[in-house]
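Visitor: predicted model and sequence follow; I will ask about them next.
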Amino acid sequence: MDPQQNEVRALRAAANWRGVRVLEIGCGDGRLTLRLARLGAIVEAIDPDADSIRLARRALRRALPPERARHVRCRVGEGEHLDFPDESFDRVLFSWSLC
């Protein structure tokens with residue numbers, strides 16, 4: 001998906017992600033999570049579907065070096081019920097998801 005890297009270019013153009021704390025709501029199989037991690041973000045990725053979280057964890061373990069992988073956490077969660085303290089994140093992404 002996205003062989004021309006349009007999504008990565010758009011992310012780069014939108015902001016500097018290095019060291020930025022990001023909450024990704026609706027991460028699915030981790031496609032965008034991986035891109036954010038490769039751009040240097042510290043990512044907390046949630047999705048309500050446990051099977052999707054398993055796929056995301058597996059894909060990220062295979063694709064990221066251990067030093068990057070430790071900056072990514074995927075877990076089951078819902079955007080309607082966030083249990084993070086205020087100001088936990090610099091940016092929040094909700095894309096390619098159905099509500």
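Guide: Sure thing, it's come through.

Visitor: all contacts plus neighbour counts: C-alpha atoms, from now on.
Guide: Fine.

Visitor: beyond the helix ranked longest in the chain, next helix or strand please.
Guide: Identified as the longest helix of the chain according to DSSP state H is helix 50-63. For helix 50-63, the following helix or strand on the C-terminal side (DSSP states H and E) is helix 66-69.

Visitor: residues making contact with that next one?
Guide: With Cα atoms under 8 Å, 6 or more residues apart in numbering as the test, helix 66-69 has contacts from Ala37, Arg38, Gly40, Leu60, Arg61.

Visitor: from what I see, the first one and Arg31 are in contact.
Guide: No: applying Cα atoms under 8 Å as the test, Ala37 and Arg31 come out as separate, 10.2 Å apart.

Visitor: comparing those two, which residue is more hemmed in?
Guide: Ala37 (23 against 13; other Cα atoms under 10 Å).

Visitor: what does the model give the more buried one for pLDDT?
Guide: Listed pLDDT for Ala37 reads 96.

Visitor: check which helix or strand covers the spatially most central residue of the chain.
Guide: Geometric centre of the chain, nearest residue: Thr33, 2.8 Å, by Cα atoms, centre = their mean. Per DSSP H and E, Thr33 falls inside helix 31-38.

Visitor: again, but for Leu82
Guide: Applying DSSP H and E, one finds Leu82 in no helix or strand.

Visitor: just give me the neighbour total for it.
Guide: Neighbour count for Leu82, taken as other Cα under 10 Å: 10.

Visitor: so what's the closest residue to Arg31 other than its chain neighbours up against?
Guide: Distances taken as Cα to Cα, 6 or more residues apart in numbering place Ala56 nearest to Arg31, at 7.6 Å, with adjacent residues excluded. Going by Cα under 8 Å, 6+ apart, Ala56 touches Cys27, Gly28, Asp29, Gly30, Arg31, Cys74.

Visitor: my guess is the second one contacts Asp47. True?
Guide: In this case it means Gly28. Yes: using Cα under 8 Å, Gly28 makes contact with Asp47 at a distance of 6.0 Å.
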